[in-house]
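K.L.:
How does the following fold in three dimensions:
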Amino acid sequence: MFSAGTAQFKASIWLQIDQETRSHIRSALLDNLVDRAQSDMQFMKDICTCICAIAVIEIPTNHWPDFITSMTSQGDQNENQFFKRAGLYNLGWVMEDLLPRDINNQEDLNRIWSTMLNNIDASNLDLTQIVAKSVGKLSHAS
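P.N.:
The predicted structure follows:
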């Protein structure tokens, strides 16, 4: 998504914001995803892009420890197809930018593997491409 230098610069700016404010921003984005994005697929993708931009900074530094659990739960257990898709988009896009070593524990990597593999959907090319990229990235760590 960004060059290494640009990504590091953006991460340093984001991490200068106090934890409470960052938490509030994350919550507001997730609330918008729940409240407003269900009727508009492009809005959902835009919100997921913002969520992922934050997650790729916060996951390696363990500032958003429940992100992976939350998104894999959405992708695996949610009967609502909108929430399932949002969880998978978020996981997929995060894995496009992170290396498996950036994930803080093997259990979270296993959750991502399982969720992605269980949700390959040939009828949804956009989502399948995201899943395929994630699985490819994950396989290089194994």
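
K.L.:
then the host helix or strand of Asn32 to PDB, C-alphas only?
P.N.:
Take DSSP states H and E as the rule and Asn32 turns out to sit in helix 19-35. In PDB, the C-alpha atoms belonging to helix 19-35 read as follows (Å, rounded to 0.1, in the frame of the first residue of the first chain):
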ATOM      1  CA  GLN A  19      -4.200   5.600  23.400                       C
ATOM      2  CA  GLU A  20      -7.700   6.900  24.500                       C
ATOM      3  CA  THR A  21      -8.100   9.000  21.400                       C
ATOM      4  CA  ARG A  22      -6.900   6.100  19.200                       C
ATOM      5  CA  SER A  23      -9.400   3.800  20.900                       C
ATOM      6  CA  HIS A  24     -12.200   6.300  20.400                       C
ATOM      7  CA  ILE A  25     -11.400   6.600  16.600                       C
ATOM      8  CA  ARG A  26     -11.300   2.800  16.300                       C
ATOM      9  CA  SER A  27     -14.600   2.500  18.000                       C
ATOM     10  CA  ALA A  28     -16.200   5.200  15.900                       C
ATOM     11  CA  LEU A  29     -15.000   3.500  12.700                       C
ATOM     12  CA  LEU A  30     -16.400   0.100  13.900                       C
ATOM     13  CA  ASP A  31     -19.700   1.800  14.900                       C
ATOM     14  CA  ASN A  32     -20.000   3.400  11.500                       C
ATOM     15  CA  LEU A  33     -19.400   0.000   9.900                       C
ATOM     16  CA  VAL A  34     -22.300  -1.400  12.000                       C
ATOM     17  CA  ASP A  35     -24.700   1.500  11.800                       C
END
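
K.L.:
what about that helix, average pLDDT?
P.N.:
For helix 19-35, the mean per-residue pLDDT is 92.

K.L.:
buried residues in it?
P.N.:
Buried residues in helix 19-35, counting neighbours by 16 or more other C-beta atoms under 10 Å, are found at Arg22, Arg26, Leu29, Asn32, Leu33. C-beta: built from backbone N, CA, C; applies to glycine.

K.L.:
Thanks again, I'm all set now.
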